[in-house]
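Visitor: Sequence plus predicted model, see below.
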Amino acid sequence: MTSQKGIPQSVIDEIRERADIVSVVSDHVILKRSGANFSGLCPFHNEKSPSFSVHPVKRIFHCFGCGVGGDVFGFLMRIQNLSFPAALEKVATQVGIDLAPYRGKGSDIDFVRAHDLLREARKFFRRQLGGAPAARDYLAKRGLTAATLEEFQIGWAADDWRLLSQHLRQAGYSEEEMTAYGLARKGKESGVYDYFRARVVFPIEDDYGKPVGFGGRVLGDGQPKYLNSPESALYAKGRLLFNLHRASKAVPAEGPDAGTLLLVEGYMDAIGLYQHGFRNVVATLGTALTESQVKKLAKFAKRLVFAYDPDQAGVKATLRALPLLESSGLSLSMLQLPAGIDPDEYVRTEGAEAMRERVTNGQPVEAFLFEATRDRHPNWRTPDGKRAALRDMIHVFRLLPSPLSQQNFIERVADAFGISEELVRKSMSNVPEREAAMSAAVAATRPAVLSPLVQAERTLVHCYMSEISAYRKAEDELRVAEFKDPYCKRILQLLGELGQESGDVSGALISVCEDEELRRFITAELMVRPPMAEGGLGETLADCSRELRKYRLEARKRELQRLVASDGAGDEVLREFKQVTEELQSLLKSLDGAMSSLPQAR
């Protein structure tokens, strides 16, 4: 089977298998582990309790509140308003699968041409900087040398509504391409206008150094101060890290900072530190650290040093990152700088050696969180101030991901406030939990009672989705028209259209399913059913098949009984009635035997 302009379904399945759906969703939703799944607040409807769930093994998402569900492609299509080909191409690029051999002339996206478009824009911005004395003066005051400007290809977007778009049109690019990659926007009446205007422009590259977008810094008091490219098929800020393609090659292999990467909050800090010899520096792009970014960092480093401000936003960003770092194996320290001084300013005024000493001797994360939380309460030494500070610290404590980090935090609180560790621990732990929302949401979506027949049909279909070879063996004898559950009927019809002969096809089924209601049903079923036990498929199939056969025999027996009772039954009807009755008795006897072989309750 092929799909999407000649791309084989097997290739689509491989892209889905390689994709980390938890990482993709984490770019848009704060997820927390909940058993085998991850849960969070649904991005597709307003809710206060999390009913949105992601299953990392089955590679699906489902909201038990609004019913939306699907795979990694479906999530991107909804959250970024992409077509299926655009979502497919985006995920394929992320997982390293080249779709060029399958791409026909009608493809929605040509990534080679897209990168060329952005390179052309980058060259244009770079040339414009030469005629922008105010921008050059700003960059000089920030201490950036000509070599650094060239290294990072920093440029200028003129205060003109159509200068770049006119240039790109002359270079052979369409207005659709300019808007697709964040260089222009459509006007209210006709044509397009430039997205970046009157800004110093910083090119943003992917992990391989290819341009994917831009960041613009306004001069003066304009708003917003920083403006990044909008999300596109190339630019996903939750998956990118500024300067990673350089920093990944510059992680120290030995010495006190061996295996260290420095993480800052903006590209100006990253560029300033890079210029002063800290080549192992990366920056986020206006988002909190995501699981996707952590996984990338963990490929190159063993230790992260955060340069976050000790304010409420810095504390929140650090707390969000801790669970991700805990599972990645990366250790974390905090860069401790004087209040109100950012890394770029500090390295320019104090020098590289002073900065290097602070990087090497990073502050423990528990100390950073404690001090930042305490300092939000200037009167923390008074009884009322102490109580208020402790209330905030309970919140911080509950978000710490490991017993060791919790113990370190308790020790600091006890020492600073003159309270015994036992009392602090009791105060921190005695907080009511609110964990029932998800289970309640799950229960609310399932029917109160399903007949044994429908249960059997749904379990049977679930088995076939888990291993389609089982369906292939039974395909000719299933009698799909006799299934009572309408969802099962439609799924079986779709299974018959798939080209796969073996393996789990639940992901492929979601991709080819164009019925939104049916797709919601499939993801809900997959989410709430436990994984098939190893070796248990055959037994489950046999149980379901016996239940279906029993129901059909009983239904046929009732029909034949009516005919016999009407005195209109001939010899053929009587023979069939006898045969069905005997077959049903034999089946019921085998079912009783299977039940009696089970261990009995004592």
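Guide: Ah, there it is. Residues are numbered from 1 along each chain as shown.
Visitor: State the next helix or strand along the chain beyond the helix or strand bottoming out on mean pLDDT in the chain.
Guide: None of the helices or strands of the chain scores lower by mean pLDDT, DSSP states H and E than helix 437-445, at a mean of 33. Downstream of helix 437-445, the next assigned helix or strand under DSSP states H and E is helix 452-466.
Visitor: Show the average pLDDT along the lengthiest helix in the chain.
Guide: As assigned by DSSP state H, the longest helix anywhere in the chain is helix 537-565. For helix 537-565, mean pLDDT is 81.
Visitor: now for it, which elements pack on it?
Guide: helix 452-466, helix 468-474, helix 571-596 (3 or more Cβ pairs under 8 Å, 6 or more residues apart in numbering; DSSP states H and E). Where C-beta positions appear, they are placed from N, C-alpha and C, glycine not excepted.
Visitor: highest average neighbour count across these?
Guide: helix 452-466 (a mean of 20; mean count of other Cβ atoms under 10 Å).
Visitor: Show me what that helix is packed against.
Guide: Against helix 452-466 (3+ Cβ pairs under 8 Å, 6+ apart) you get helix 468-474, helix 486-497, helix 506-512, helix 516-528, helix 537-565.
Visitor: ok, now with 6 Å
Guide: helix 468-474, helix 486-497, helix 537-565 (3 or more Cβ pairs under 6 Å, 6 or more residues apart in numbering; DSSP states H and E).
Visitor: Of all those helices, which one comes closest to A456?
Guide: Closest approach to A456 among the helices and strands packed on helix 452-466 is made by helix 537-565 (3.8 Å; Cβ to Cβ).
Visitor: List the buried residues for the closest one?
Guide: 537, 540-541, 543-548, 550-551, 553, 556-557, 560 (16 or more other Cβ atoms under 10 Å).
Visitor: Please state the offset of the longest helix of the chain from the chain centre?
Guide: Computed by Cα atoms, centre = their mean, to the nearest Å, the chain-centroid distance of helix 537-565 equals 45 Å.
Visitor: Now do it against helix 452-466, angle only.
Guide: Helix 537-565 runs at 140 degrees relative to helix 452-466, counting by axes from the mean of the first three to the mean of the last three Cα atoms, to 10 degrees.
Visitor: could you check the angle helix 571-596 makes with helix 537-565?
Guide: Orientation check (the same axes, to 10 degrees): helix 537-565 against helix 571-596 gives 140 degrees.
Visitor: before we move on, the earlier item: could you single out the nearest of the buried residues of helix 537-565 to G35?
Guide: Nearest member of the buried residues of helix 537-565 to G35, counting by Cβ to Cβ, is T540, at 22.1 Å.
Visitor: now the closest one, nearest residue through space, not along the chain?
Guide: C463 (5.6 Å; Cβ to Cβ, 6 or more residues apart in numbering).
Visitor: Next: M77.
Guide: Leaving aside its chain neighbours, M77 sits nearest to A87 (4.9 Å; criterion: Cβ to Cβ, 6+ apart).
Visitor: Next, the buried residues of the one helix or strand E17 maps to.
Guide: Assigned by DSSP H and E, E17 belongs to helix 9-18. For helix 9-18, burial by neighbour count (16+ other Cβ under 10 Å) applies to 9, 11-13, 15-16.
Visitor: average pLDDT for the host helix or strand of R136?
Guide: Using DSSP H and E, R136 sits in helix 133-141. When pLDDT is averaged over helix 133-141, the result is 96.
Visitor: for the helix or strand just after it, packing partners?
Guide: Per DSSP H and E, the first helix or strand lying C-terminal to helix 133-141 is helix 146-151. Helices and strands touching helix 146-151, by 3+ Cβ pairs under 6 Å, 6+ apart: there are none.
Visitor: before we move on, the earlier item: helix or strand right after the helix holding E17?
Guide: helix 21-26.
Visitor: With only the CA atoms kept, save that next one in CSV.
Guide: Output of helix 21-26 as CSV, limited to C-alpha atoms (Å, rounded to 0.1, in the frame of the first residue of the first chain):
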residue,chain,number,x,y,z
ILE,A,21,5.7,11.4,20.5
VAL,A,22,6.2,12.5,24.2
SER,A,23,9.0,14.8,23.0
VAL,A,24,6.8,16.3,20.2
VAL,A,25,3.9,16.9,22.5
SER,A,26,6.1,18.3,25.2
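Visitor: Within the sheet, what are the partner strands of the helix or strand following it, with directions?
Guide: For helix 21-26, the following helix or strand on the C-terminal side (DSSP H and E) is strand 32-34. Pairing partners of strand 32-34, with direction, according to DSSP bridges: strand 37-40 (antiparallel).
Visitor: buried set for the following helix or strand past the strand it pairs with?
Guide: Per DSSP H and E, the first helix or strand lying C-terminal to strand 37-40 is strand 52-55. For strand 52-55, a neighbour-count test (16+ other Cβ under 10 Å) marks 52-55 as buried.
Visitor: what does stretch 374-389 give?
Guide: Using 16+ other Cβ under 10 Å as the test for burial, stretch 374-389 gives 374, 377, 380, 386, 389.
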